[in-house]
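Engineer: Generate a structure from the sequence data that follows.
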Amino acid sequence: MDKKHLMMVLALLCIGLSLSAQDFNRWFVDKTLRIDYVFSGNVKEQHIAVDELLTEPRWYGKRQRLSEVPMEGNGQITVRDHRSGQVIYRNSFSTLFQEWLSYPEAQTATKSFENVFLVPMPKDTVDVTVDLRNNRREVMASLTHMVVPNDILIRPIGNSHVTPYVTLQTAADTSRCIRIAYVAEGYRPEEMGTFLEDARKAMGYLFSYEPFKSMRDRFNIVAVESPSEESGTSYPSKNVWKRTALSSHFDTFYSNRYLTTLHLKDLHDWLAGIPYEHIIVLVNTSEYGGGGILNSYNLSMTHHKNFRPVVVHEFGHSFAGLADEYAYEEEQVPMYPADVEPWEKNITTKVNFHGKWENLIGKDPKAGFYEGAGYTLKGVYRAYPDCRMRTNEYPDFCPACQQAIRAVIDFYTR
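Structural biologist: As a prediction, this is how the structure comes out:
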């Protein structure tokens, strides 16, 4: 390429970058609008209600590809300019509420769940739509509400009394990076040294796996020292209840290994004023358990021998929207209808196998269709015999999962 053509290419690249930046600055200011919702209902009917609006000093999410999402998710939040109706921001997510709807309890009980979403603070009035989708990828509940930026009831937080935190890693380009916050759960103030050790271990574990290893410089990592009154976490089936920062507990949905927190407002209160987007909660317990919800949080025990594979596996869920690739022998969980293609990139029902791992078939002799995934023995397929999303023992993400993760990292940082 001669000098003239090189200069033209560089000029076009600069224009593209400028337009990307102008798009954010046209619609938003460098602040975060936090919207707290309550999702409630049962199998027959679901409801969405606004709980509270808050604002934080800076915006740490994406500033480009604002109206795009890297994966469909089980729900989406969409921000539209009120005057023109133009979509100016969108993100996808999954929730514990939607997962709960698949359990027998939801047939006879009605419950509510806290949910928190972060969007950039709009300059002008916007309409915000939240929709929840069922396992057929159909919208089952939706709410649209108006947000006026100068509303006096939008509560400012994060300007003072910020939770102490330590920066564990600074991204090569902090203007376009992925921000992760490790959050302490069940660590007393005098145990914060142990928490920081655990956070550094978790960070090292994550970056020992590809493609995180080779793309490490795109991540900014902090460790948030949120103190608890008591050590550990609650274990309802053992009648053990602890006073902790996030009120986490085992036995979620009566599954003894399912370790979660339902207190998302508390979680984000601890994080107010801190540079974060993706959340990994580290729980000070030696009991086996964890959980990961797309664009909500990843939660893992820290002092069990399987800390390394579990914290990384759960990040596969919470960050990249990867599905579990294992199946239960004793119980079939009807999470994925056989006549609907899952949106997750690492499983398929073969209904509409496109944009997943078809590029690997024929190039890699192990790539193919292995039946048994998504908690079901029949009708749902994975790409490889084994993977980090299938067993704790397998040492890597399979090539299909690796390329899906790489695509998400590129989405946020290119």
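Engineer: Please count neighbours and contacts with C-alpha atoms only from this point.
Structural biologist: Noted.
Engineer: For stretch 233-244, which residues meet the burial criterion?
Structural biologist: Thr233, Ser234, Tyr235, Trp241, Lys242, Thr244 (16 or more other C-alpha atoms under 10 Å).
Engineer: oh sorry, the question was meant for stretch 345-356
Structural biologist: Within stretch 345-356, the residues that count as buried by 16+ other C-alpha under 10 Å are Lys345, Asn346, Ile347, Thr348, Thr349, Lys350, Lys356.
Engineer: Make CSV out of the residues you listed and add pLDDT and secondary structure.
Structural biologist: Formatted as CSV, the buried residues of stretch 345-356 follow (pLDDT from 0 to 100; DSSP: H, G, I helix; E, B strand; the rest coil):
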residue, pLDDT, secondary structure
Lys345, 98, coil
Asn346, 98, coil
Ile347, 98, strand
Thr348, 98, strand
Thr349, 98, coil
Lys350, 98, coil
Lys356, 98, coil
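Engineer: ok, these vs Val162, which is closest?
Structural biologist: Comparing the buried residues of stretch 345-356 against Val162 with C-alpha to C-alpha picks out Lys345 as the nearest, at 37.4 Å.
Engineer: Setting aside sequence neighbours, what's the nearest residue to that closest one?
Structural biologist: Counting by C-alpha to C-alpha, 6 or more residues apart in numbering, Lys345 lies nearest to Lys356, which is 5.2 Å off, once chain neighbours are set aside.
Engineer: so what's that neighbour up against?
Structural biologist: By C-alpha atoms under 8 Å, 6 or more residues apart in numbering, Lys356 lies in contact with Lys345, Asn346, Ala400, Ala404.
Engineer: Check the spacing between the last one and Tyr394 real quick.
Structural biologist: As judged by C-alpha to C-alpha, to the nearest Å, Ala404 and Tyr394 stand 18 Å apart.
Engineer: swap in the second one?
Structural biologist: Here the distance between Asn346 and Tyr394 works out to 16 Å (C-alpha to C-alpha).
Engineer: What of the first one?
Structural biologist: Between Lys345 and Tyr394 the computed distance is 19 Å (C-alpha to C-alpha).
Engineer: what about Leu53, how many neighbours?
Structural biologist: Per other C-alpha atoms under 10 Å, the neighbour tally for Leu53 reads 17.
Engineer: pretty sure it contacts Ile35?
Structural biologist: Yes. Using C-alpha atoms under 8 Å, Leu53 is in contact with Ile35, at 4.9 Å.
Engineer: now the helices: where do they sit in the chain?
Structural biologist: For the chain, helices defined by DSSP state H occupy the ranges 3-27, 96-100, 105-108, 192-206, 264-271, 307-318, 399-413.
Engineer: Do me a favour and average the pLDDT over the first one.
Structural biologist: Confidence over helix 3-27 (mean pLDDT, whole number) is 56.
Engineer: Next: the shortest one.
Structural biologist: Within the predicted structure, the mean pLDDT of helix 105-108 is 96.
Engineer: which intervals of this protein have sub-threshold pLDDT?
Structural biologist: Low-confidence segments of the chain (pLDDT under 70): 1-22, 330-333.
Engineer: Can you spell out the domain ranges of it, please?
Structural biologist: According to automatic domain parsing, the chain comprises the domains 23-156, 165-319.
Engineer: Dump these to CSV, plus distance to Asp339.
Structural biologist: Putting the domains of the chain into CSV (distance: least, C-alpha to C-alpha, whole Å) gives the following:
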stretch, distance to Asp339
domain 23-156, 9
domain 165-319, 23
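Engineer: Could you identify which of the ones you listed is most buried?
Structural biologist: Per residue and on average, the most neighbours among the domains of the chain fall to domain 165-319, with a mean of 20 (mean count of other C-alpha atoms under 10 Å).
Engineer: which ones are touching the closest residue to Leu294 other than its chain neighbours?
Structural biologist: Here the nearest residue to Leu294 in space, its sequence neighbours aside, is Ser318; by C-alpha to C-alpha, 6+ apart that works out to 3.8 Å. Shown in contact with Ser318 (C-alpha under 8 Å, 6+ apart): His278, Gly292, Ile293, Leu294, Asn295, Ser296, Tyr297, Asn298.
Engineer: Among the residues you listed, which lie within strands?
Structural biologist: Under the assignment DSSP state E, the contacts of Ser318 contribute His278, Gly292, Ile293, Tyr297, Asn298 to strands.
Engineer: Which residue, other than its chain neighbours, is closest to the last one?
Structural biologist: Distance criterion C-alpha to C-alpha, 6+ apart; nearest residue to Asn298, sequence neighbours excluded, is Gly292 at 4.2 Å.
Engineer: who touches Arg414 in this structure?
Structural biologist: Taking C-alpha under 8 Å, 6+ apart as the criterion, Arg414 is in contact with Arg176.
Engineer: Quick check: bridge partners of Met301?
Structural biologist: Val283 (DSSP bridges).
Engineer: I'd guessed it sits against Leu282; true?
Structural biologist: Yes. Assessed by C-alpha under 8 Å, Met301 is found in contact with Leu282 at 6.0 Å.
Engineer: before we move on, back to that, neighbour count winner among Ala404 and Tyr394?
Structural biologist: Ala404 (23 against 13).
Engineer: Who are the contact partners of the closest residue to the more buried one other than its chain neighbours?
Structural biologist: Spatial nearest neighbour of Ala404, excluding adjacent residues (C-alpha to C-alpha, 6+ apart): Lys345 at 6.4 Å. Shown in contact with Lys345 (C-alpha under 8 Å, 6+ apart): Gly321, Leu322, Ala323, Gly355, Lys356, Trp357, Ala400, Cys401, Ala404.
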